[in-house]
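Student: Take this sequence and fold it.
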Amino acid sequence: MRIVFFGSPDFALPALGTLHGSHEIVLVVTQPERPCGRGQKCLPTPVELRARELGLEVSTPRAVRTEGFARKLAELKADYLVVVAYGRILPASVLATARHGALNIHPSLLPRWRGPAPVPWTLYHGEQTTGVTIMQMNEAMDAGDIVRQVSTTISPEENADSLLCRLAMEGAAALAEVLEQEAASGVPLPRIPQDDALATRAPFLTTEMALIDWRKSAVEVASHLRAFDSRPGAYAYLGDARIKFFSPGVIPASAPAGTVLGLTTGGLAVACGQDAVVTGEMQWPGGKRMPARNVLVGHPIPEKTVLRGRE
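Tutor: Numbering: from 1, shown residues only. This next block holds a predicted model:
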């Protein structure tokens, strides 16, 4: 099939690689370069870098709601647009430029967790099952008809980064199967409308959301740490120092919420509303993410210290 591929971050790379091996990608559309990092250097997206390595034509439009952009896509006579974390909502005029419209890979079991951050919100709520959805796109946010869903069990050790990476691979495989079946049969697979009444929202994460609430149970705090790993990083305060915590476990304990219980074999133990969370890794302000034991060598935190979290 002739494909126009829309994508920007690392999450889109498995799908781009899979499609490149079995279909004709006539154009890759990605976000334009933007300043990033401490030096605010303008860098191309991961998708642009990979597409150029593959010798594919790349477009980085600053606007997608123009007649000229829609006309350019229509001239390519694509069978499908494939959209994977592109970063913009596409108008009907663009979605209509391909013969069969646009397919999207979404890392949740829609209609659950519509929005830009489905994986963190899945973890934050302590869900044990998630998956990927191949969706026929419309103009609304993640509200198109479902073509295929693949569910998977979430490992207790997975964080937002590792789970998103795994779902990217599973989404690419599911998309490849859909396109293969449709190419073989010559007709689109059935589309199933979503039940809007079951929809939940997954908005962008903010730094304020990442502040830990030690009053919650250790299981809930552990889910919080996994959800905000690695960006923006779950944190609490020791005085004015904002310390980030990662790689949590849970142990039985009873002490006032936020109280440091000391270093264990698994990391630094901090009391929660019920039991205690053990954080295997920490990051001191201005430092690198390291095993908690290593961080505490240079920045000791005495037992019975109270870390300030959400109040």
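
Student: what about the longest helix seen in the chain, distance to the chain center?
Tutor: Ranked by residue count and defined by DSSP state H, the top helix of the chain is helix 160-185. Relative to the chain's own centre, helix 160-185 is displaced by 15 Å; criterion: Cα atoms, centre = their mean, to the nearest Å.

Student: and the angle from the very next helix or strand once past it to helix 160-185?
Tutor: Of the helices and strands lying after helix 160-185 in sequence (DSSP states H and E), the nearest is helix 218-227. Angle, helix 218-227 to helix 160-185, by axes from the mean of the first three to the mean of the last three Cα atoms, to 10 degrees: 70 degrees.

Student: So for helix 218-227, what gets flagged as buried?
Tutor: 218, 220-227 (16 or more other Cβ atoms under 10 Å). Just so you know, the C-beta spots here come from the backbone N, C-alpha and C atoms, and that holds for glycine as well.

Student: Over to stretch 83-102?
Tutor: Buried, per 16+ other Cβ under 10 Å, within stretch 83-102: 83-86, 90, 93-95, 97-98, 101-102.

Student: cool, and stretch 149-157?
Tutor: Neighbour-count burial for stretch 149-157 flags 149-150, 154 (criterion: 16+ other Cβ under 10 Å).

Student: And the pLDDT for the nearest residue to A117 once chain neighbours are set aside?
Tutor: With sequence-adjacent residues excluded and distances taken as Cβ to Cβ, 6 or more residues apart in numbering, A117 is closest to A202, at 4.7 Å. A202 carries a pLDDT value of 97.

Student: got a list of what A202 touches?
Tutor: A202 makes contact with 108, 113-118, 120-122, according to Cβ atoms under 8 Å, 6 or more residues apart in numbering.

Student: same thing with P291?
Tutor: P291 makes contact with 267, 280-282 under the criterion Cβ under 8 Å, 6+ apart.

Student: now do S8
Tutor: Applying Cβ under 8 Å, 6+ apart, we find S8 in contact with 30-31, 45-47, 85-87.

Student: Present these as JSON lines; the columns should include distance to R62 and pLDDT.
Tutor: Below are those laid out as JSON lines (distance: Cβ to Cβ, whole Å; pLDDT from 0 to 100):
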{"residue": "T30", "distance to R62": "12", "pLDDT": "98"}
{"residue": "Q31", "distance to R62": "9", "pLDDT": "96"}
{"residue": "T45", "distance to R62": "13", "pLDDT": "96"}
{"residue": "P46", "distance to R62": "19", "pLDDT": "97"}
{"residue": "V47", "distance to R62": "16", "pLDDT": "98"}
{"residue": "A85", "distance to R62": "18", "pLDDT": "97"}
{"residue": "Y86", "distance to R62": "14", "pLDDT": "97"}
{"residue": "G87", "distance to R62": "12", "pLDDT": "93"}
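
Student: now, which of the residues you listed sits nearest P256?
Tutor: For the contacts of S8, the minimum distance to P256 (Cβ to Cβ) is 41.9 Å, reached by A85.

Student: mind checking how far the closest one is from P14?
Tutor: 11 Å (Cβ to Cβ, to the nearest Å).

Student: Now do P35, the pLDDT please.
Tutor: Looking at P35, the pLDDT reads 69.

Student: now swap in R38 and tell me
Tutor: For R38, the model assigns a pLDDT of 64.

Student: nearest to A184, of the buried residues of stretch 149-157?
Tutor: V150 (19.4 Å).

Student: Would you agree that closest one is in contact with A176?
Tutor: No. Assessed by Cβ atoms under 8 Å, V150 is found out of contact with A176, at 11.8 Å.

Student: follow-up on the earlier one: make JSON lines out of the buried residues of stretch 149-157 and add pLDDT and secondary structure.
Tutor: What follows is these, written out as JSON lines (pLDDT from 0 to 100; DSSP: H, G, I helix; E, B strand; the rest coil):
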{"residue": "Q149", "pLDDT": "98", "secondary structure": "strand"}
{"residue": "V150", "pLDDT": "98", "secondary structure": "strand"}
{"residue": "I154", "pLDDT": "98", "secondary structure": "coil"}
